[in-house]
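Peer 1: next one to model:
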Amino acid sequence: MDSTATSSFEALNINPFQDVASSSPQVKQPFPDDPWQQQEQAVRDDDKDTTNIEQEQQQPHDASEPETHTNDTTVPTTSADNLEQMTDEPLPIPEQGERPYFEVSVEDPQKVGDAINAHIVYKVKTKTNSPDFRSSDMMVARRYRDFLWLYNQLTHGNPGVIVPPVPEKHALGRFQDEFVESRRIALERCLRKIVAHPMLYGDPDLKVFLESESFNSEKRIKRAEPDTPKLGFMRSFSETLSNAAPFSKFVETDEWFSTKKAQLDTLEAQLKTLLKSVEALVKQRKELGAASLDFGDSMFPLASAELNRNLSIHLTVLGNIQKELKDLHEEQARHDILTLEHTIDEYIRIIGSIRLSFNARMRAYQAYQQTDVEWQKKVVIHDKLKAQQKVKPEKITAAAQEMEEMKQKADDAQREVEDISRLIRGELDRFDQEKVEDFRASVEAFLQRMIEHQKKVIALWESYFEQTESLDQETDGEDDQD
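Peer 2: Numbers count the residues shown, from 1 in each chain. As a prediction, the model looks like this:
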């Protein structure tokens, strides 16, 4: 590995999360044939909607910079009493023993459609012992934008959860074999992490994705339905309010979240630097392979023109070895992509998902703020009615009821903020654990492959001497006779 890549690895060893205490318990989760029919139903009707979803997934907004805000307010820092209460009352996460088994694979990418609407379709195979699925062994056909739909459904329906992201959309080169295989691997990794997540494996949208044989129809029906909250009633209410104006500008005063955001920014910069180094290393290996091939090809004309038989054989063997070296360098470059490059790119995208979870917390707080303002208005109206002498008791009773209902909504909204905050804390603990495990596995695989690569290179050069040893002995015998 070159010096640039080495220095980038050293920078990554600085764990930006290791010195920050968290109140959340760490959650460590291991990653754990029907005849296939191509789904060639036309889905052009939802292309525009899908494009909007893709743009949202690729360009998440920063939680600290909402687009339409005016007045400055601050979110109250979580008090020690609230933190203690949040720790004593965790979200209902299933126990380890209750979690069903999942084995998911993405296989056999096939190009379908005409020249205008061509796309890649994948087989998604699932094996599970969950009683919620129609079968223990399922296989469906899905395309890239179906995976993207799943990601957005899970993100919107589970505010605060860090949803494993799908690979980014690419317009150019998307039918090339190398790109298709790289995307297939990334999609498979994404699905496996989703089914391993304690709060996602039972999601109804995931169930539809994994087992539905009329997926496009069900997807359109779900898109037409109003959003159903999964953490509380404030889910849809907060989304409605997020589009309203004016909103108070969100100012983070919780030091824990401010620190985490700064650490994520640092980690993202480190990963992007490391990714550039690995990409440069892969490019260098491919160029070395091409140079080895050119060098080997140049040996053959020289060997055919050489009158000395022994020297001609030497040149021919050398040319063949250079061609084999070219294959080894390209094989190593492909393995670098499958280990380090995929892992680094995946975690850069995961940081984008983390920012979306921060956005969910921001929207929940804004919903709480809005309901609190409405409650205060109801209080003022109620007090004014009570102060008037000729007001009917029914009006005062109705105003009091409205005031209590809005108070209840404000309390629910505040609890929603606390729930999401607690959930994000646990999710970041989980993210930190998985990050260490994934990078350790990737680096170990990278180094193991490097060792195997060098052994093959040594074996090639040893074969050169084995093939030419008898020629050298013949030459030495002729010299002795002379």
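
Peer 1: which residues of this structure fall in strands?
Peer 2: 72-74, 102-112, 119-128, 137-143, 249-251 (DSSP state E).

Peer 1: lowest-confidence stretch among these?
Peer 2: Ranked by mean pLDDT, the strands of the chain end with strand 72-74 at the bottom, a mean of 41.

Peer 1: will you turn the strands of the chain into CSV that also has distance to residue 336 and mean neighbour count?
Peer 2: Any C-beta I mention is one placed from the backbone N, CA and C, and that applies to glycine too. Converted to CSV, those look like this (distance: least, Cβ to Cβ, whole Å; neighbours: other Cβ atoms under 10 Å):
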stretch, distance to residue 336, mean neighbour count
strand 72-74, 46, 12
strand 102-112, 22, 16
strand 119-128, 24, 19
strand 137-143, 28, 19
strand 249-251, 41, 16
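
Peer 1: tell me which of the ones you listed sits nearest to residue 394.
Peer 2: For residue 394, the closest of those is strand 72-74, at 36.3 Å, according to Cβ to Cβ.

Peer 1: could you measure from residue 150 over to residue 437?
Peer 2: 24 Å (Cβ to Cβ, to the nearest Å).

Peer 1: okay, the two: which has more neighbours?
Peer 2: Taking neighbours as other Cβ atoms under 10 Å, residue 150 and residue 437 compare with residue 150 leading, 24 against 13.

Peer 1: now that one. Nearest residue, chain neighbours left out?
Peer 2: Using Cβ to Cβ, 6 or more residues apart in numbering and skipping residues adjacent in sequence, the residue nearest residue 150 is residue 209, 4.7 Å away.

Peer 1: distance of that neighbour relative to residue 337?
Peer 2: With Cβ to Cβ as the criterion, residue 209 and residue 337 are 27 Å apart.

Peer 1: show me where the chain has its helices.
Peer 2: Secondary structure of the chain (DSSP state H): helices at 3-12, 47-58, 80-88, 144-157, 177-196, 204-211, 215-224, 234-242, 255-305, 309-336, 342-387, 393-481.

Peer 1: on that earlier part again, and residue 209 and residue 337? which has more neighbours close in?
Peer 2: residue 209 (24 against 18).

Peer 1: so what's the more buried one up against?
Peer 2: 124, 140, 142, 146, 149, 150, 215 (Cβ atoms under 8 Å, 6 or more residues apart in numbering).

Peer 1: residues in contact with residue 424?
Peer 2: By Cβ under 8 Å, 6+ apart, the neighbours of residue 424 are 160, 257, 357, 358, 361.

Peer 1: can you do 6 Å?
Peer 2: Neighbouring residues of residue 424 by Cβ atoms under 6 Å, 6 or more residues apart in numbering: 160, 357.

Peer 1: and what of residue 208?
Peer 2: residue 218.

Peer 1: hmm, back to that, identify, from the contacts of residue 209, the entry nearest to residue 268.
Peer 2: If you rank the contacts of residue 209 by distance to residue 268 using Cβ to Cβ, residue 150 comes first, at 24.1 Å.

Peer 1: what separates that closest one from residue 210, distance-wise?
Peer 2: From residue 150 to residue 210 the distance is 9 Å (Cβ to Cβ).

Peer 1: try residue 312
Peer 2: Look at residue 312 and residue 210: by Cβ to Cβ, they are 62 Å apart.

Peer 1: looking at the two, which is more packed in?
Peer 2: residue 210 (25 against 18).

Peer 1: I'd say that one and residue 126 touch.
Peer 2: Yes - between residue 210 and residue 126 a contact is recorded at 4.8 Å, counting by Cβ atoms under 6 Å.

Peer 1: okay, now residue 212: neighbour count?
Peer 2: Residue 212: 16 neighbours (other Cβ under 10 Å).

Peer 1: ok so, going back, just put the helices of the chain in TSV and tack on distance to residue 118.
Peer 2: Output for the helices of the chain, formatted as TSV (distance: least, Cβ to Cβ, whole Å):
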stretch	distance to residue 118
helix 3-12	37
helix 47-58	14
helix 80-88	50
helix 144-157	12
helix 177-196	12
helix 204-211	22
helix 215-224	17
helix 234-242	35
helix 255-305	27
helix 309-336	25
helix 342-387	25
helix 393-481	33
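
Peer 1: averaged over its residues, which helix or strand of this protein has the lowest pLDDT?
Peer 2: helix 80-88 (a mean of 37; mean pLDDT, DSSP states H and E).

Peer 1: just to revisit the earlier point, worst mean pLDDT among the helices of the chain?
Peer 2: helix 80-88 (a mean of 37).

Peer 1: can I get the contacts of residue 209 in JSON lines with distance to residue 111?
Peer 2: Compiled in JSON lines, the contacts of residue 209 are given as follows (distance: Cβ to Cβ, whole Å):
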{"residue": "124", "distance to residue 111": "17"}
{"residue": "140", "distance to residue 111": "18"}
{"residue": "142", "distance to residue 111": "14"}
{"residue": "146", "distance to residue 111": "16"}
{"residue": "149", "distance to residue 111": "20"}
{"residue": "150", "distance to residue 111": "22"}
{"residue": "215", "distance to residue 111": "19"}
